[in-house]
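**Student:** Here's my sequence, what's the structure:
(chains A and B)
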Protein chains: 2
Amino acid sequence: MLPQPIRRLVQQLTHLPGVGDKTAQRFALHLATSDPSLAQELGKALSTLREAIGPCPRCGNLAERMEADPRGWCDICRDSRRDSSLLCVVGRIQDLLSIERSGAIRGHYFVLGRLLSPLEGVGAEELPLAALERRIRDPDEPVREVLVATPPSVDGEATALLLAEQLRPLGVRVTRIASGIPHGGDLEFADPVTIGRAIQGRRGLE
Amino acid sequence: MLPQPIRRLVQQLTHLPGVGDKTAQRFALHLATSDPSLAQELGKALSTLREAIGPCPRCGNLAERMEADPRGWCDICRDSRRDSSLLCVVGRIQDLLSIERSGAIRGHYFVLGRLLSPLEGVGAEELPLAALERRIRDPDEPVREVLVATPPSVDGEATALLLAEQLRPLGVRVTRIASGIPHGGDLEFADPVTIGRAIQGRRGLE
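**Tutor:** Reported below is the predicted structural model:
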């Protein structure tokens, strides 16, 4: 019923996260009937995206590609006002962005790209541990503390334990983000594991 | 915090229907980090979309562009098994697709592209009434009945009344889709206007 180029576009759009057939068709019809510059400009931006953008070779954050640069490509690695001795390890770029939005630390990052997952068969050899060690040992920007900010899930905890073990010989302090009741959250509706963690992680009131 | 090409992409993606900043950022990060062929292929499809696709010059439905052809470009206009004497007039291509999915008629269509809207200042001169008249008078495929399938909203009803008046001199039968309680709907939760229409439009039980 829809012409072939539209059907192909719908099919491609369903690869976007959270987009099913109905939403993809809505997007495609909009792109096919609204101001032609929208499809044109978006097409141009997407065609050049992966040449313009790549993972920062130092931390894995998204960055504009540039010539080899020992300081890395991304705005965070290149920001000299940041504390490069505090290295926050995250699973995904999205998590890095959330932490940045919170403004809670002004250190450097290291993006693993994936978590250890015994259930899905992702082992330690698939994590960029050698690159992480290189970053920690960097003589120009030595790391004092590694804050492991993987999520408090089964895979995130397994990854945190692995990192603690692997990094112990390097003589850095390895810390872990707290897990507990979220701000504004209700104890009544918190799950038992979260309550258990909030109690285990209790602190003295000074 | 995000590199410039990503920020630009996020901004462009917010022009898709129902996509806000958060969803656009989610799409952009996915496109920047998943298999590069996704962004490439989607970019190519969008760059060529508007050259490949255009409104059928006969009915306004989406169609692959082709050389001037009196039968029109779209699959529906070119389908000789359809009843070309029944012309269903809709506001948008989306409405045409819904009617086709229902399989309730096998006629031809005419897409107005917009509805009369006294509140938004859209007058009769902005509707393609001359093209609609040309279609109805086509000596090769004369129209016997015009079924006005604009939505039962203020603008849709105003458009239907305008069409009834304009088409009267052409000697075609002008009909209107029924408005009432939808299939599986509950009278308890139906709004008073819908109930009023369901009662006004009552039919004898034969």
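**Student:** What residues sit buried inside the helix or strand encompassing A:Leu86?
**Tutor:** Using DSSP states H and E, A:Leu86 falls within strand A:83-90. Residues of strand A:83-90 classed as buried: A:Ser84, A:Leu86, A:Leu87, A:Cys88, A:Val89, A:Val90 (neighbour count, 16 or more other CB atoms under 10 Å in any protein chain shown). Quick note: C-beta positions are derived from backbone N, CA and C, even for glycine.
**Student:** Show the secondary-structure elements that that strand is packed against.
**Tutor:** helix A:93-102, strand A:107-111, helix A:129-137, strand A:145-148 (3 or more CB pairs under 8 Å, 6 or more residues apart in numbering or on different chains; DSSP states H and E).
**Student:** how about JSON lines for the buried residues of strand A:83-90, with pLDDT added?
**Tutor:** Shown next, in JSON lines, are the buried residues of strand A:83-90 (pLDDT from 0 to 100):
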{"residue": "A:Ser84", "pLDDT": "93"}
{"residue": "A:Leu86", "pLDDT": "95"}
{"residue": "A:Leu87", "pLDDT": "96"}
{"residue": "A:Cys88", "pLDDT": "95"}
{"residue": "A:Val89", "pLDDT": "96"}
{"residue": "A:Val90", "pLDDT": "96"}
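**Student:** For chain A, give me the ranges with low pLDDT.
**Tutor:** Applying pLDDT under 70 to chain A flags the ranges A:206.
**Student:** quick revisit: nearest to chain B, out of the helices and strands packed on strand A:83-90?
**Tutor:** helix A:93-102 (5.4 Å; CB to the nearest CB).
**Student:** Now for A:Ala28, how many residues are close by?
**Tutor:** A:Ala28 has 27 neighbouring residues, counting by other CB atoms under 10 Å in any protein chain shown.
**Student:** ah, wrong one, I meant A:Gly171
**Tutor:** A:Gly171, neighbours per other CB under 10 Å, totals 8.
**Student:** same check, this time on A:Asp140
**Tutor:** With neighbours defined by other CB under 10 Å, the count for A:Asp140 comes to 7.
**Student:** Point to the residue nearest the middle of chain A.
**Tutor:** Centroid check for chain A by CA atoms, centre = their mean gives A:Arg92 as the closest residue, at 1.9 Å.
**Student:** quick one, what contacts A:His15?
**Tutor:** Residues in contact with A:His15 (CB atoms under 8 Å, 6 or more residues apart in numbering or on different chains) are B:Ser34, B:Leu38, B:Leu42.
**Student:** Could you pick out the longest helix of chain A?
**Tutor:** In chain A, taking DSSP state H as the definition, the longest helix is helix A:36-52.
**Student:** List the buried residues in it.
**Tutor:** The neighbour-count check on helix A:36-52 (16+ other CB under 10 Å) flags A:Leu38, A:Ala39, A:Gln40, A:Glu41, A:Leu42, A:Gly43, A:Ala45, A:Leu46, A:Ser47, A:Leu49, A:Arg50, A:Ala52 as buried.
**Student:** quick one, what contacts the first one?
**Tutor:** By that I understand A:Leu38. Residues in contact with A:Leu38, defined by CB under 8 Å, 6+ apart, are A:His30, A:Leu31, B:Gln12, B:His15.
**Student:** Could you rerun that using 10 Å?
**Tutor:** A:His30, A:Leu31, B:Gln12, B:His15, B:Leu16, B:Leu46, B:Leu49, B:Arg50 (CB atoms under 10 Å, 6 or more residues apart in numbering or on different chains).
**Student:** same check, this time on the fourth one
**Tutor:** Under the criterion of CB under 10 Å, 6+ apart, the contact partners of A:Glu41 comprise A:Asp35, B:Arg8, B:Leu9, B:Gln12, B:His15, B:Leu46, B:Ser47.
**Student:** Out of the buried residues of strand A:83-90, which comes closest to B:Leu132?
**Tutor:** Set against B:Leu132, the nearest of the buried residues of strand A:83-90 by CB to CB is A:Val90 (58.6 Å).
**Student:** The closest one and B:Gly185: what is the separation?
**Tutor:** As defined by CB to CB, to the nearest Å, A:Val90 lies at a distance of 49 Å from B:Gly185.
**Student:** export the longest helix of chain A as PDB, just CAs?
**Tutor:** Presented in PDB, the C-alpha positions along helix A:36-52 are these (Å, rounded to 0.1, in the frame of the first residue of the first chain):
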ATOM      1  CA  PRO A  36      11.500  18.700   2.200                       C
ATOM      2  CA  SER A  37      14.500  20.300   3.900                       C
ATOM      3  CA  LEU A  38      13.800  18.200   7.000                       C
ATOM      4  CA  ALA A  39      14.500  14.900   5.200                       C
ATOM      5  CA  GLN A  40      17.400  16.500   3.300                       C
ATOM      6  CA  GLU A  41      19.200  18.000   6.300                       C
ATOM      7  CA  LEU A  42      18.700  14.900   8.500                       C
ATOM      8  CA  GLY A  43      19.900  12.700   5.600                       C
ATOM      9  CA  LYS A  44      23.100  14.800   5.300                       C
ATOM     10  CA  ALA A  45      23.700  14.800   9.100                       C
ATOM     11  CA  LEU A  46      23.300  11.000   9.300                       C
ATOM     12  CA  SER A  47      25.500  10.300   6.200                       C
ATOM     13  CA  THR A  48      28.400  12.200   7.700                       C
ATOM     14  CA  LEU A  49      27.800  11.300  11.400                       C
ATOM     15  CA  ARG A  50      30.100   8.400  11.800                       C
ATOM     16  CA  GLU A  51      33.000  10.100  10.000                       C
ATOM     17  CA  ALA A  52      32.600  13.200  12.200                       C
END
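**Student:** quick revisit: now tabulate the helices and strands packed on strand A:83-90 in a markdown table and tack on mean neighbour count and distance to B:Lys22.
**Tutor:** Listed next are the helices and strands packed on strand A:83-90 as a markdown table, based on neighbours: other CB atoms under 10 Å in any protein chain shown; distance: least, CB to CB, whole Å:
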| stretch | mean neighbour count | distance to B:Lys22 |
| --- | --- | --- |
| helix A:93-102 | 16 | 11 |
| strand A:107-111 | 24 | 20 |
| helix A:129-137 | 15 | 30 |
| strand A:145-148 | 20 | 26 |
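**Student:** Tabulate those in TSV, adding columns for distance to chain B.
**Tutor:** Shown next, in TSV, are those (distance: least, CB to the nearest CB, whole Å):
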stretch	distance to chain B
helix A:93-102	5
strand A:107-111	10
helix A:129-137	17
strand A:145-148	18
